[in-house]
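Student: pasting the sequence and the predicted coordinates here, then a few questions.
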Amino acid sequence: MSESTISRRTLLRTAASAAAFAMMPARVFSAAQGQAPSEKLNIAGIGIGGMGQVNLANLTTENIVALCDVDPNYAANVFSTYPGARAWTDYREMLEKQKDIDAVVIATPDHTHAVIAMAAIQAGKHVYLQKPLTHDIYEARALAKAARQAKVITQMGIQGHSEEGVRLICEWLADGAIGEVREVDVWCNDSYYPWGHAGWSPASCERPKDTPPLPSGMNWDLWIGPAPFRPYHPGYHPQAWRAWWDFGSGWMADRGAHQIDPAFWALKLGLPISVEATALGQTDETHAIAAIVTFRFPSRGSLPPVKLTWYEGVRAPRPEELEQGRMMGDSDGGALFKGTKGMLMCGVYGNSPRLIPESRMAEYRRPEKTIPRVDGGHEQDWVRACKEGRPAGADFEYSAVLTEICLLGVIAKRMNARLEWDAGNMQVSNLPDANKYVRLPYREGWSL
């Protein structure tokens with residue numbers, strides 16, 4: 001990214017913040033004036049049976065006024081937890097008819113993120129949207145633009161972004177703790193293999209051929225949304241959808257959004273110029289069993305080029321400097337920053353950062369904490385941003401670029417090839433066939 005691009009993005013963020021302040025609803029305007037907020041946000045949850053219920057539990061400081069889910073049985077316990085909230089099946093009907101909603105939390109499958117978030121933005125609602133932001137790159141850019149124009153406050157659900165660990169990483173690297181960083185390894189030990197998720201795993205990567213009855217009260221057509229239609233099957237809903245390309249984005253975008261974030265923030269990465277992947281066991285229907293994806297980022301001002309390697313379903317090479325018997329990262333994965341003066345290692349969400357070897361950590365004189373800390377977690381950062389009229393930490397301006405990085409990794413995996421990315425024209429320049437994944441087609445009747 002050029003200096004002019006960075007300056008323009010900074011200017012846009014500042015302008016959006018000022019404009020959001022000007023349009024704040026009366027109930028929260030006092031906070032934007034520096035006074036204690038006198039009232040609470042009215043929040044609606046869309047897609048509440050899974051991670052959505054966790055997000056809502058972290059937002060009970062506010063008014064939960066509406067709940068929406070296409071499967072009332074799967075989400076039954078959440079509906080009963082908030083008996084005062086109006087219940088809906090169709091988010092479009094909710095946004096049209098319930099006028100007291102200030103903000104929405106969206107935790108549906110990846111393939112419906114963009115259409116639901118866009119509808120909420122166009123209705124003037126603040127949006128908290130689970131990761132990955134979108135299912136394709138075009139959607140990510142479209143959401144960032146729409147949020148900017150609508151002057152709403154947004155946040156992507158990467159909770160580690162609001163934690164202490166990622167801030168320490170940013171501060172230590174800026175302090176020169178390990179010198180100049182030109183290489184980062186990020187690894188995720190887990191896999192969906194055999195092509196399933198926590199609740200159900202198919203015996204193979206082929207589409208289910210049986211057609212079990214639809215759960216009572218479920219709107220399957222709305223669950224499918226803009227994706228190609230296929231009959232209901234528990235191999236897709238409620239928990240195995242991430243393994244299927246039509247609905248999810250595999251580990252690269254699921255966990256990559258969390259795990260690449262510390263490097264993206266600390267090293268000011270921007271977008272890569274190339275991505276290369278080697279993937280094992282994937283099909284046109286389902287994600288890979290294991291993969292290695294290499295991103296190359298250009299120099300950024302005074303910062304040098306960076307090679308970032310994502311290891312999926314396998315650990316990154318163990319550095320000699322790491323003491324024997326000591327865990328590399330944490331049980332689920334981690335990241336290793338390689339500098340000219342040493343290394344820094346952390347867990348999956350940037351947690352527990354340490355210089356290695358431990359003797360280097362012991363002698364390191366830590367710098368002062370300069371990045372503001374977040375009280376109460378990621379959802380509360382968004383709540384305060386809504387009330388104060390400022391950008392949240394992982395707003396769509398920020399998270400759309402992070403998501404684009406992950407989705408480029410998805411495309412490289414699907415092509416099993418090296419891609420050269422022309423960010424200005426939003427296209428793969430060396431392999432035209434890969435561009436079919438940059439903007440995925442929508443089912444008839446759906447549009448962004």
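Tutor: That came through, no problem. Numbers count the residues shown, from 1 in each chain.

Student: helix or strand for residue 337, which one?
Tutor: Assigned by DSSP states H and E, residue 337 belongs to strand 333-339.

Student: next one: residue 59
Tutor: Residue 59 belongs to no helix or strand, assigned by DSSP H and E.

Student: just give the nearest non-adjacent residue to it, would you?
Tutor: residue 379 (5.2 Å; Cβ to Cβ, 6 or more residues apart in numbering). C-betas here are computed from N, CA, C, even on glycine.

Student: which ones are touching that neighbour?
Tutor: By Cβ atoms under 8 Å, 6 or more residues apart in numbering, the contact list for residue 379 reads 55, 58, 59, 105, 128, 155.

Student: ok, residue 356 next?
Tutor: Applying Cβ under 8 Å, 6+ apart, we find residue 356 in contact with 319, 321, 322, 323, 342, 343, 344, 345.

Student: ok, and the most crowded of these?
Tutor: In terms of neighbours by other Cβ atoms under 10 Å, these top out with residue 344 at 26 neighbours.

Student: mind giving me the packing neighbours of the strand or helix carrying that one?
Tutor: Assigned by DSSP H and E, residue 344 belongs to strand 342-346. Counting contacts by 3 or more Cβ pairs under 8 Å, 6 or more residues apart in numbering; DSSP states H and E, strand 342-346 packs against helix 164-174, strand 333-339, strand 354-356.

Student: tell me the most buried of the ones you listed?
Tutor: strand 333-339 (a mean of 24; mean count of other Cβ atoms under 10 Å).

Student: where does the protein dip in pLDDT?
Tutor: Residues of the chain that meet the criterion pLDDT under 70 lie in 1-38, 191-205.

Student: centre-most residue in it?
Tutor: When Cα atoms, centre = their mean is applied to the chain, the residue found nearest the centroid is residue 131 (2.8 Å).

Student: which non-adjacent residue is nearest it?
Tutor: Residue 131 sits nearest to residue 257 (Cβ to Cβ, 6+ apart), 3.9 Å away.

Student: residue 223 and residue 216: what is the separation?
Tutor: Distance of residue 223 to residue 216, computed by Cβ to Cβ, to the nearest Å: 14 Å.

Student: neighbour count for the two, which is higher?
Tutor: The neighbour count for residue 223 versus residue 216, taken as other Cβ under 10 Å, is higher for residue 223 (23 against 8).

Student: now do the contacts for residue 214.
Tutor: Listed by Cβ under 8 Å, 6+ apart, the contact partners of residue 214 are 220, 232.

Student: residue 88 versus that one, what's the distance?
Tutor: 19 Å.

Student: and residue 446, by the same measure?
Tutor: Distance of residue 446 to residue 88, computed by Cβ to Cβ: 19 Å.

Student: swap in residue 149?
Tutor: Distance, residue 149 to residue 88, using Cβ to Cβ: 26 Å.

Student: more neighbours: which of these two?
Tutor: Comparing residue 149 with residue 88 by neighbour count (other Cβ under 10 Å), the higher total belongs to residue 88, at 21 against 12.

Student: any chance you could list what contacts stretch 82-89?
Tutor: Residues outside stretch 82-89 that contact it (Cβ under 8 Å, 6+ apart) are 44-45, 56, 64-70, 72, 79, 94, 98, 217, 219, 222.

Student: just the ones of these in helices?
Tutor: Under the assignment DSSP state H, the contacts of stretch 82-89 contribute 56, 79, 94, 222 to helices.

Student: mind listing the helices for the stretch 151-300 of the chain?
Tutor: 164-174, 220-224, 250-254, 256-259, 261-266 (DSSP state H, counting those that start in this stretch).

Student: may I see those organised as a markdown table, with distance to residue 285 added?
Tutor: Formatted as a markdown table, the helices of the stretch 151-300 of the chain follow (distance: least, Cβ to Cβ, whole Å):
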| stretch | distance to residue 285 |
| --- | --- |
| helix 164-174 | 35 |
| helix 220-224 | 15 |
| helix 250-254 | 12 |
| helix 256-259 | 20 |
| helix 261-266 | 29 |
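
Student: nearest to residue 302, out of those?
Tutor: Between residue 302 and those, the tightest spacing by Cβ to Cβ is seen for helix 164-174, at 11.7 Å.

Student: centre of the chain versus that closest one, how much separation?
Tutor: Helix 164-174 sits 20 Å away from the centroid of its parent chain (Cα atoms, centre = their mean, to the nearest Å).

Student: one more: stretch 368-384?
Tutor: Centre-to-centre, stretch 368-384 and its host chain are 18 Å apart (Cα atoms, centre = their mean).

Student: again, but for stretch 380-400
Tutor: Between the centre of stretch 380-400 and the centre of its chain there are 14 Å (Cα atoms, centre = their mean).

Student: so what's residue 91 up against?
Tutor: Applying Cβ under 8 Å, 6+ apart, the residues near residue 91 are 46, 68, 116, 119, 120.

Student: any idea how far it is from residue 64?
Tutor: 15 Å.

Student: swap in residue 238?
Tutor: Counting by Cβ to Cβ, the gap between residue 238 and residue 64 amounts to 21 Å.

Student: compare those two (neighbour count), which wins?
Tutor: Shown here are residue 238 and residue 64; by other Cβ under 10 Å, residue 64 has more neighbours (22 against 19).

Student: quick one: the closest residue to that one other than its chain neighbours from residue 116, how far?
Tutor: Excluding the flanking residues, the one nearest residue 64 by Cβ to Cβ, 6+ apart is residue 82, at 4.7 Å. Look at residue 82 and residue 116: by Cβ to Cβ, they are 19 Å apart.

Student: those two: which is more packed in?
Tutor: A count of neighbours by other Cβ under 10 Å puts residue 116 above the other of residue 82 and residue 116, at 22 against 19.

Student: any buried residues in the helix or strand hosting the more buried one, and which?
Tutor: Using DSSP H and E, residue 116 sits within helix 113-122. Using 16 or more other Cβ atoms under 10 Å as the test for burial, helix 113-122 gives 113, 114, 115, 116, 117, 118, 119, 120, 121.

Student: could these go into JSON lines alongside distance to residue 401?
Tutor: Shown next, in JSON lines, are those (distance: Cβ to Cβ, whole Å):
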{"residue": "113", "distance to residue 401": "16"}
{"residue": "114", "distance to residue 401": "16"}
{"residue": "115", "distance to residue 401": "21"}
{"residue": "116", "distance to residue 401": "21"}
{"residue": "117", "distance to residue 401": "16"}
{"residue": "118", "distance to residue 401": "18"}
{"residue": "119", "distance to residue 401": "23"}
{"residue": "120", "distance to residue 401": "21"}
{"residue": "121", "distance to residue 401": "18"}
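
Student: for the closest residue to residue 157 other than its chain neighbours, phi and psi?
Tutor: Spatial nearest neighbour of residue 157, chain neighbours left out: residue 130 (4.1 Å); criterion: Cβ to Cβ, 6+ apart. Dihedral pair for residue 130: phi -60, psi 160, per degrees, to the nearest 10.
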